[in-house]
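1. Got a sequence here, can you model it:
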Amino acid sequence: MKNFLGGTAFLLAVVGVSAQPGYWQQAVDYKMDIQFHAVTHQFKGTQKLVYTNNSPDTLTSAYWHLYFNAFQPGSAMDIHNRGIADPDTRLSRIATMKPEEIGYQRIQSLKQDGIDLQHHVEGTVLEVKLNKPLLPGKSTTFDMVFDAQVPAQTRRSGRNNAEGVDYSMSQWFPKLAEYDEMGWHAHPYIAREFYAPWGNYEVNITIDKKFVVAASGILQNGDEIGYGYETEGAKLPKTKEKTHTWRFKAERVHDFMWAADTEYTHVKRVTPEGLMLRFFYIKSKDTENWDYLPEMMEKAFSFIQTNFGKYPYPQFSVIQGGDGGMEYPMSTLVTGKRSLRSLVGVSVHEALHSWYQGLLATNESYLAWMDEGFTTYATAETMAVLFTDGENTRSQAANYAGFIRRAKTGTEEPLSIHADHYMTNSSHTWGAYVKGAVILGQLQYVIGEDAFKRGLLNYFNQWKFKHPDLNDFVRVFEKTSGLELHWYFEYMVNTSHFIDYAVGSVTETNGKTTIELQKIGVMPMPVDVTITYDNGTTVNYFAALDLMRGNKPSKAATDIVGKDWPWTNPNYSIELESGAAKVVRVEIDPSGWMADVNRDNNIWKQ
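-> Numbering: from 1, shown residues only. Below you'll find the model as predicted:
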């Protein structure tokens with residue numbers, strides 16, 4: 001989304017500053033009080049939401065997501081999962097859920113500026129007709145009372161997961177949908193991605209005092225609560241009250257998650273940069289690797305902030321819970337009974353979502369690969385630094401291998417499909433995660449390593465907190481590299497065309513050596529060629545694609561920048577003066593950064 005308010009302007013927008021022409025972003029300010037009853041797995045909540053319309057449009061309606069309603073037999077999530085060719089086994093239990101196992105969010109009352117609102121629930125979406133149109137630059141206050149039941153652990157959210165964690169409270173509250181230049185984004189919850197406005201959260205959770213609560217925000221009454229939140233070694237204070245109220249605040253986030261368990265161990269680690277890392281898990285013989293996680297995550301955050309941008313929040317929490325790994329602002333839920341490499345890997349991956357889902361927050365429904373793919377790429381780079389056991393000699397090797405395997409099957413679906421509308425779950429997973437990572441890795445091949453690294457940081461610094469779209473990303477890298485790049489994303493995102501280049505022949509005639517290259521696949525690319533002579537010397541030859549209007553920088557004086565290769569031409573000739581040394585080997589893309597589906601034809605040997 002190109003519309004935003006940044007820095008101080010964002011904070012002013014929360015209290016109703018007029019929209020800036022051409023650049024805007026909606027703002028929310030939540031205050032919620034929750035009374036949680038663990039015996040019934042139900043809770044009552046009040047929500048006061050100040051919503052500021054920084055758009056140029058007058059709004060006459062509004063929509064809230066009611067995610068828990070998906071966990072009911074016959075829901076859209078249930079029906080979709082039953083009908084897809086490769087259903088998610090975690091969601092299969094929804095069809096047989098009993099009344100006490102389902103999830104729900106029920107709206108008891110809703111007011112706009114003190115006046116009752118007409119509203120209607122359609123599955124996982126609350127549809128609301130505003131009493132009074134919300135004009136550009138104005139704010140309105142919604143007051144809501146709601147009831148909810150926590151579903152049995154199914155997908156991301158739920159209670160009593162397989163590892164014994166009591167509550168994973170994600171997607172747990174009625175959440176206002178995002179409004180941007182495309183209008184409202186009130187998609188039903190089918191299984192996939194999330195998109196919401198940034199804002200401030202004050203969340204007070206009253207729960208039986210035997211529970212330890214971990215959450216997205218900063219605990220405001222840590223010494224009162226105990227459990228070592230603020231004072232090292234502090235224990236639960238003695239009190240006659242049966243409950244505690246945990247008071248959290250989170251600023252400039254687009255979601256709020258919390259988790260609770262009666263047996264959580266809480267470990268803290270402060271990084272040299274002053275970032276507070278918190279870890280919540282249930283101690284057992286199966287979670288011994290959590291002892292090593294704080295040190296590994298400190299190293300990970302140091303590498304990530306150097307290479308991908310500075311983390312702007314004071315805290316990050318890794319919390320055992322959920323059904324695998326899922327990212328949230330300032331926190332993540334992960335399953336905890338893992339090998340060390342697996343535990344570090346999932347924690348690093350979900351932490352990196354703080355950059356690409358939490359801070360850049362592209363609309364994942366339409367551009368999931370710009371979050372999942374970029375996060376997968378960055379995870380591989382980070383893990384290669386943390387684990388130097390030789391397994392990651394090429395950091396992206398596994399992603400490239402997975403991409404090529406899938407491309408050869410001919411079952412790929414374009415990345416431009418809405419995340420909920422893929423024909424198979426595997427198409428979404430392969431595309432968003434694997435192909436998304438390869439798109440980023442291969443971009444380094446196209447524009448060069450230096451421009452690529454600068455582009456990543458430029459993209460983050462320019463577009464954090466602004467919901468960028470694909471064009472915003474492309475333009476950053478075009479300006480950084482000085483090359484035209486839309487052709488690249490047109491092929492990689494909107495088509496399933498594959499890359500295949502070959503060395504056709506090498507001949508010597510009349511004192512000249514001619515190397516014939518062939519474009520076999522449909523997708524055009526710039527081509528790097530390394531030519532080796534019988535005396536052991538090598539020459540790097542670069543044939544840029546004509547669509548690029550330039551070439552990446554060469555690094556050696558002996559490098560040859562050849563003529564551009566027109567994207568329409570299936571063949572390309574390299575002509576060299578024959579000398580005393582003879583050409584004995586020609587290799588296309590020795591770096592391996594081009595996602596060529598058939599590397600067997602990339603090498604010619606005498």
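2. I figured I115 hits L130, correct?
-> No. Assessed by C-beta atoms under 8 Å, I115 is found out of contact with L130, at 10.1 Å. All C-beta atoms are positioned from the backbone trio N, CA, C, and that covers glycine.
3. More neighbours: which of the two?
-> L130 (17 against 9; other C-beta atoms under 10 Å).
4. Quick check: which element contains that one?
-> Here L130, judged by DSSP states H and E, is contained in strand 125-134.
5. which parts of that strand are buried?
-> 125-126, 128, 130, 134 (16 or more other C-beta atoms under 10 Å).
6. between those residues, which is nearest S427?
-> V125 (25.3 Å; C-beta to C-beta).
7. any idea what sits nearest that closest one, other than its immediate chain neighbours?
-> Leaving aside its sequence neighbours, V125 sits nearest to A186 (C-beta to C-beta, 6 or more residues apart in numbering; 5.1 Å).
8. Give the partner strands of whichever helix or strand comes after the strand holding L130 in its sheet and their orientations.
-> Next along the chain after strand 125-134, taking DSSP H and E as the criterion, comes strand 139-149. In the sheet, strand 139-149 lines up against strand 42-52 (antiparallel), strand 104-112 (antiparallel) (DSSP bridges).
9. The closest residue to V434 other than its chain neighbours: neighbour count?
-> Of all residues not flanking V434 in the chain, G402 sits nearest, at 4.5 Å (C-beta to C-beta, 6+ apart). Using other C-beta under 10 Å, G402 is surrounded by 17 other residues.
10. Please tell me how far G402 sits from H41.
-> Using C-beta to C-beta, to the nearest Å, we find G402 at a distance of 39 Å from H41.
11. again, but for A419
-> Distance of A419 to H41, computed by C-beta to C-beta: 29 Å.
12. I603 too?
-> In this view, I603 and H41 are 61 Å apart by C-beta to C-beta.
13. coming back round to it: put together JSON lines for the buried residues of strand 125-134, with distance to G83 and pLDDT on each row.
-> Shown next, in JSON lines, are the buried residues of strand 125-134 (distance: C-beta to C-beta, whole Å; pLDDT from 0 to 100):
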{"residue": "V125", "distance to G83": "20", "pLDDT": "98"}
{"residue": "L126", "distance to G83": "25", "pLDDT": "98"}
{"residue": "V128", "distance to G83": "30", "pLDDT": "98"}
{"residue": "L130", "distance to G83": "35", "pLDDT": "98"}
{"residue": "L134", "distance to G83": "38", "pLDDT": "98"}
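14. Tell me the one among those nearest to E163.
-> Nearest to E163 among these, with distances taken as C-beta to C-beta, is V125, at 31.6 Å.
15. May I ask you to confirm that the closest one is in contact with W184?
-> No. With contacts counted by C-beta under 8 Å, V125 stays clear of W184, the gap being 9.9 Å.
16. what do those two both touch?
-> Overlap of the contact sets of V125 and W184 (by C-beta atoms under 8 Å, 6 or more residues apart in numbering) consists of 63, 177.
17. now the helices for the stretch 251-400 of the chain?
-> Assigned by DSSP state H, counting those that start in this stretch, the stretch 251-400 of the chain shows helices spanning 293-308, 340-353, 364-367, 369-386, 397-409.
18. in the helix or strand hosting W487, what's buried?
-> Per DSSP H and E, W487 falls inside helix 486-494. Neighbour-count burial for helix 486-494, counted by 16+ other C-beta under 10 Å, picks out 487-489, 491-493.
19. Relative to K111, which of those is nearest.
-> Using C-beta to C-beta, V493 is the member of the buried residues of helix 486-494 that lies nearest K111, at 43.4 Å.
20. wait, what's in contact with the closest one?
-> The contact partners of V493, taken as C-beta under 8 Å, 6+ apart, are 369, 414-416, 439, 470.
21. Now a ChimeraX select for only the buried ones of these.
-> To isolate the buried ones among the contacts of V493 in ChimeraX, judged by 16+ other C-beta under 10 Å, type:
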select :369,415,439,470
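22. So which of the contacts of V493 are in helices?
-> Among the contacts of V493, the residues falling in helices (DSSP state H) are 369, 439, 470.
23. would CSV of the residues you listed with pLDDT and distance to Q26 be doable?
-> Below are the ones in helices among the contacts of V493 laid out as CSV (pLDDT from 0 to 100; distance: C-beta to C-beta, whole Å):
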residue, pLDDT, distance to Q26
W369, 96, 24
I439, 98, 29
L470, 97, 21
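24. out of those residues, who's nearest R252?
-> Using C-beta to C-beta, L470 is the member of these that sits closest to R252, with 24.0 Å.
25. Would you mind measuring from that closest one to L415?
-> For L470 relative to L415 (C-beta to C-beta), the value is 10 Å.
26. Find residues that contact each of those two.
-> 367, 493.
27. Mind checking which residue lies nearest the centre of this protein?
-> Residue closest to the mean C-alpha point of the chain, counted by C-alpha atoms, centre = their mean, is D371 at 3.2 Å.
28. So that one is in contact with G358, correct?
-> No. D371 is beyond contact range of G358, at 9.3 Å (criterion: C-beta under 8 Å).
29. how does this protein divide up, domain by domain?
-> Taking automatic domain parsing as the domain assignment, the record places the domains of the chain at 1-193, 397-494, 501-605.
30. Between those domains, which one is closest to E381.
-> The minimum distance between E381 and those falls on domain 397-494, with 9.2 Å, by C-beta to C-beta.
31. What's the end-to-end length of the closest one?
-> 24 Å (C-alpha to C-alpha, to the nearest Å).
32. Which residue ranges of the stretch 51-200 of the chain form strands?
-> For the stretch 51-200 of the chain, strands defined by DSSP state E, counting those that start in this stretch occupy the ranges 59-65, 104-112, 115-116, 118-122, 125-134, 139-149, 158-159, 167-169, 175-176, 178-180, 183-185, 199-208.
33. so what's N161 closest to, chain neighbours aside?
-> Closest residue to N161 apart from its sequence neighbours, by C-beta to C-beta, 6+ apart: Q153 at 4.0 Å.
34. Next, give phi and psi for that neighbour.
-> As for Q153, its main-chain torsions (degrees, to the nearest 10) stand at phi -50, psi 120.
35. Next, count neighbours for it.
-> Q153 has 24 nearby residues by other C-beta under 10 Å.
36. Same question for F279.
-> 23.
37. What about the closest residue to it other than its chain neighbours, how many residues nearby?
-> Closest residue to F279 apart from its sequence neighbours, by C-beta to C-beta, 6+ apart: V267 at 4.3 Å. Other residues near V267 come to 16 when the count uses other C-beta under 10 Å.
38. For the residue lying closest to F374 once chain neighbours are set aside, give me its contacts.
-> Leaving out its chain neighbours, the residue that sits closest to F374 by C-beta to C-beta, 6+ apart is Y356, at 4.6 Å. By C-beta under 8 Å, 6+ apart, Y356 lies in contact with 362, 370-371, 374-375, 378.
39. change it to 10 Å
-> Shown in contact with Y356 (C-beta atoms under 10 Å, 6 or more residues apart in numbering): 308-309, 327, 362, 364, 370-378, 436, 459-460.
40. Y400 now?
-> Counted by C-beta under 10 Å, 6+ apart, Y400 has contacts 394, 434, 437-438, 441-442, 592-596.
41. Select only the buried ones of those residues in ChimeraX?
-> Typed into ChimeraX, the line below selects the buried ones among those, using 16+ other C-beta under 10 Å:
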select :434,437,438,441,442,593,594,595,596
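42. Looking at the contacts of Y400, spot the one nearest T89.
-> Using C-beta to C-beta, the contacts of Y400 come closest to T89 at V434, 20.6 Å.
43. I'd guess the closest one is in a strand, am I close?
-> No. Counting by DSSP: H, G, I helix; E, B strand; the rest coil, V434 is not found in a strand; it is helix.
44. For W184, see how far away it is.
-> 31 Å.
45. Fine, thanks again, bye for now.
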